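Colleague: give me coordinates for this.
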Amino acid sequence: MALEVNNTVNTAAYAIALSMTPMIGGATARQLINHCGSVEAIFRDKSHHLSRIPGIGPKIISSLKNNQHLLQKAYEEIDRCHQQEIIILDYEHPQYPERLRHIYDIPLVLYYKGQGNLNHKRVISIVGTRQATSYGLDTVEEIVATLAKQNVLIVSGLAYGIDIHAHRMAVRYGAPTVAVMANGIDQIYPAIHQKDAWGFIENGGLLTENPLGTKPEAKKFPARNRIIAGLADAVVVVEAASKGGALITANLANDYDREVFAVPGSIKNQYSQGCNQLIQQHKAHLLSRGEDIITMLNWDLEKKKTGTAAQSQIFKLPEDLSDDEQKVYKTLTQYPDGLVLDKISWYTQLSVSQLAAILLNLEFKQYVRARPGNRYQLRTV
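Modeller: As a prediction, the model looks like this:
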C-alpha cells in the first residue's frame, strides 16, 4: 500500500513540475505524454528522442532539461497543499474531472478544496459581465432556481457581477457550486468575495490549476476560462459586452463541442451586445428561461425512461450491427444524454474518420440521432 501511495505522489509531483516548466502548455504536455508514455518518462527521456516528437524543438527541449529543480519545488507544493487540505488532482487521478480530460489543452494539474463532485452528472457554467444589470441578475436567479431542481452543479468564476450572483443563487437554492480561479486557492480574488468562496466548500468547492501563492495576473484569466468551459455540459452567457472573458469562455465551449446558451437583451445595452452577437452568429442557442436548457439537453426525456420494459427496450443490443457498430451502441447506452464525437472516439478507441461512417450508418438504421453540438444519442422511441 505504501508503494502505491508513493507512486501516486510521484505522479503528482512530476505533473506539477511539468506544469511549472516554461513553454509547456496543456496541448504540448498532452503531446509529450502521448509519445513518452507517462509524465515521469518525459523527465527521463533523452534529448534526441524528444526531438523526434512533432512540434518539440530545441527551446522546449532545453526548457525540459533545465526543469529538474522544479521537481523539488513540486514536492514542497504537495506538502503545503496537504497541510491546507487541498486535493491535488493530476491528470491520472481517479477524481480528475472526466469532462476536462478530453479537451486538447488539458490542465495537467488541478488544485481543489471542497466537497463537491467535479464529475457531477449535470454541470452548467454561468458567466457574464461584471457590470450586471437588474435584468441580468433576475435572469440568473430564474435559471439557477430551475436548474437546482434538476440536481445541477453550477460553475462560475467568482468575479463581480454575473459570476458571483450565479454562485450565490446556487447557495440560495441548494445547488452545489464550484468557483474556478486564475490564482492560488490561498489568494481569493476579488478579496471581497472571500466569505462567499469559503462558504462553497461544504457543498461545492474552489478549483484552480495554479499553485499556492499565485497572484491573479490578467494573463491567467483566459486559461481559467477554458476550465470553466471544459468542466461543463453547457455554458450559459448572461449579459456580455462585445469583447471580454464571457465571450472567450463561450468560444472555447464551442471549440470543445459544448452547448452554449446566450440570454438576448436590448440592442441599446452594451452589455447585451455580446450575447446578441453569439446568437446572431449561431454560436449560441437563444435562452429565454431555465427550462430551455433542460429541453435542449434532453434532461426532460430521462423522466420518461422509467420501467423495466422501457429500460430493456433501450439497452437491448440490435442484431444487425457490425462489431464496431456494437461497440459504439454499447458506449451510447451508458450516456442517455448522448456524447460528443471526440468522447465517443476516446471511449471506443475508434478514429473520428471511422466514427463518421459508423454513426451515419447507425442513423440510417434509426438507432442513433444527431443532436446539436456534434452530439450523438441513442433513439429510444
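Colleague: Ala74 - nearest residue in space that isn't next to it in sequence?
Modeller: Ile16 (3.8 Å; C-beta to C-beta, 6 or more residues apart in numbering). Any C-beta I mention is one placed from the backbone N, CA and C, and that applies to glycine too.
Colleague: so where does the one you found fall, helix or strand?
Modeller: Under the criterion DSSP states H and E, the helix or strand holding Ile16 is helix 2-20.
Colleague: for that helix, the averaged confidence score.
Modeller: Taken as a whole, helix 2-20 carries a mean pLDDT of 72.
Colleague: contact partners for Ile56?
Modeller: Each residue near Ile56 by C-beta atoms under 8 Å, 6 or more residues apart in numbering is listed here: 28, 31-32, 50.
Colleague: just the closest of those residues to His102, please.
Modeller: Gln31 (14.9 Å; C-beta to C-beta).
Colleague: the closest one touches Ile60, doesn't it?
Modeller: No. Counting by C-beta atoms under 8 Å, Gln31 does not reach Ile60; the two are 10.1 Å apart.
Colleague: who has more neighbours out of those two?
Modeller: Ile60 (19 against 16; other C-beta atoms under 10 Å).
Colleague: circling back: among the contacts of Ile56, which are in helices?
Modeller: 28, 31-32, 50 (DSSP state H).
Colleague: of these, closest to Val39?
Modeller: Looking across the ones in helices among the contacts of Ile56 and measuring by C-beta to C-beta, the closest to Val39 is Leu32, at 8.1 Å.
Colleague: tally of neighbours for the closest one?
Modeller: Applying other C-beta under 10 Å, we find 23 residues neighbouring Leu32.
Colleague: tell me the contacts of the closest residue to it other than its chain neighbours?
Modeller: Counting by C-beta to C-beta, 6+ apart, Leu32 lies nearest to Ile42, which is 5.0 Å off, once chain neighbours are set aside. Neighbour list for Ile42: 14, 18, 32-33, 36, 50, 64 [criterion: C-beta under 8 Å, 6+ apart].
Colleague: where's Ile42 relative to Cys36, distance?
Modeller: 5 Å (C-beta to C-beta, to the nearest Å).
Colleague: could you name every residue contacting both of those two?
Modeller: Leu50.
Colleague: where do the strands sit along this protein?
Modeller: Under the criterion DSSP state E, strands of the chain are mapped to 87-90, 109-114, 123-128, 153-156, 177-180, 204-208, 234-238, 259-263, 285-286, 339-340, 368-371, 375-378.
Colleague: number of residues surrounding Lys59?
Modeller: There are 10 residues near Lys59, going by other C-beta under 10 Å.
Colleague: Thr28 versus that one, what's the distance?
Modeller: Distance of Lys59 to Thr28, computed by C-beta to C-beta: 11 Å.
Colleague: and what of Ile106?
Modeller: 11 Å.
Colleague: among the two, which residue is more densely surrounded?
Modeller: Per other C-beta under 10 Å, whichever of Ile106 and Thr28 has more neighbours is Ile106, with 21 against 17.
Colleague: thought that one was touching Ala29?
Modeller: Yes. Between Ile106 and Ala29 there is a contact under C-beta under 8 Å: 7.3 Å.
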